[in-house]
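Colleague: Next one to model:
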Amino acid sequence: MKGCPMLYGFTISPKKLLSKFTTELPTSDMAFACANCGLCAHMCPQDIDFGKVFTASKTTFADDKNVLKKYGYGAVIFHQKSSFSRLFSTTKKFTTGEYTHMAFMPGCALSSYSPSLVHSVFSYLRSKCSGIGIIQQCCGTPTRMMGDMAQFKTYHSQLERDLEKMGATTVVTACENCFMSLKTYAPHIKIVSLYSLLAQIGLPEAAKARHKNAPKMALHDPCPTRYEKEIHQDVRTLLAQMGQPFEEFKQNREKTLCCGSGGMLELTHSGLAHEQMRSRAHQTECESIVSYCQSCAESMSKGGKNGVHLLDLIFNPDFAMKQEAQGTLKKWYNRFRSRQKISALKDNA
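Modeller: Here you go, the predicted structure:
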């Protein structure tokens, strides 16, 4: 229970909660308080997965749109419709090069945070993987986390059609939610983490040894890729290659804790979410916390520390070791600018 954002609010022990489920189903309030982080299933000696129970309950509750409305689903629908609109999504395929079968997918959060960072990352990928394309699109995770599987399948199908039109049989993801969503629901597509690819092709020369005199950071592992041991190791390899001093959280890698934004928790139970953000952020004495998930980086900033994205350390020479706080309107503008930058790219031919 220690690392779970919600259990203390609903029970005094997992055993009592499980006993309760033998006679009644979870309430909607309980189901939508689950961050779907997977910690309970990993830690439980009896392999009991409360997350699966709550996920199934959400799917049932999603049949009643009034229930979803209670938990802020209107904002999710707005996000998803906008994310898949021509205003904020696009693809760019290139016709020449060895890697025309690959597409880079930065994800919603990174595009919302920094169009210039997305552009810098992709420019470097093009220099190393000639012909790689790029897709600015959502993976549909918000609707899936809310239990609306019918709507998720609609959005996921759109993403698959876009990738098919690009001829992309391999997708390189910068977002851990995108990585897991595609790995789970599109097994015919090869999914590669950007961080594993960078560990393979090498870092830009300017990134190496830039951080040897930088203050020590704590490294937070995102919970979606809890079991992706290769990604965990590759991220640590990249930090070592840069000379960036860092320390581990006590609960890291497979035992990592949710940052507070998992399962759309900030929307459905904002109090629980912000409590978890503060709790996680203060489990280290480091003032800066680096992660390879933009949502996690933002959560650590909201929790009272300096949330930093690993890609800023690699590709942003002017990064001041602190992300600038951005409102919703600025984030959507950033996504629009990112889409414009992608549309303006020229073919290699």
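Colleague: Next, count neighbours for Tyr227.
Modeller: A count of nearby residues for Tyr227, using other CB atoms under 10 Å, gives 12. (Glycine included, C-beta is placed from N, CA and C.)
Colleague: Disregarding residues adjacent in the polypeptide, which is nearest to it?
Modeller: Closest residue in space to Tyr227, ignoring its immediate chain neighbours: Glu254 at 6.3 Å, by CB to CB, 6 or more residues apart in numbering.
Colleague: my read is the one you found is in a helix, agree?
Modeller: Yes. Using DSSP: H, G, I helix; E, B strand; the rest coil, the secondary structure at Glu254 is a helix.
Colleague: so what's His220 bridging to?
Modeller: Per DSSP bridges, the residues bridged to His220 are Ser291.
Colleague: dump the residue contacts of it.
Modeller: His220 makes contact with Phe249, Asn252, Thr256, Cys259, Arg280, Ile289, Val290, Ser291, Cys296, Met300 under the criterion CB atoms under 8 Å, 6 or more residues apart in numbering.
Colleague: On the three-state scheme, Ser123 is what?
Modeller: Strictly by three-state DSSP, Ser123 counts as helix.
Colleague: pLDDT weak spots in this protein?
Modeller: Where the chain drops to pLDDT under 70, the residues are 209-212, 348-349.
Colleague: Which stretches in it count as strands?
Modeller: In the chain, the strands defined using DSSP state E lie at 90-92, 102-105, 133-136, 170-173, 190-193, 217-220, 246-248, 288-291, 306-309.
Colleague: Compare the ones you listed and give me the one nearest Lys20.
Modeller: strand 217-220 (32.6 Å; CB to CB).
Colleague: circling back: export the strands of the chain as JSON lines, with columns for distance to Pro317.
Modeller: What follows is those, written out as JSON lines (distance: least, CB to CB, whole Å):
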{"stretch": "strand 90-92", "distance to Pro317": "25"}
{"stretch": "strand 102-105", "distance to Pro317": "21"}
{"stretch": "strand 133-136", "distance to Pro317": "22"}
{"stretch": "strand 170-173", "distance to Pro317": "23"}
{"stretch": "strand 190-193", "distance to Pro317": "24"}
{"stretch": "strand 217-220", "distance to Pro317": "17"}
{"stretch": "strand 246-248", "distance to Pro317": "19"}
{"stretch": "strand 288-291", "distance to Pro317": "16"}
{"stretch": "strand 306-309", "distance to Pro317": "14"}
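Colleague: still on that earlier bit, now rank the contacts of His220 by neighbours and give me the top one.
Modeller: Busiest of the contacts of His220 [other CB under 10 Å] is Cys259, holding 32 neighbours.
Colleague: Tell me, how many residues neighbour the nearest residue to that residue once chain neighbours are set aside?
Modeller: Excluding the flanking residues, the one nearest Cys259 by CB to CB, 6+ apart is Ser299, at 3.8 Å. Residues near Ser299, counting by other CB under 10 Å, number 30.
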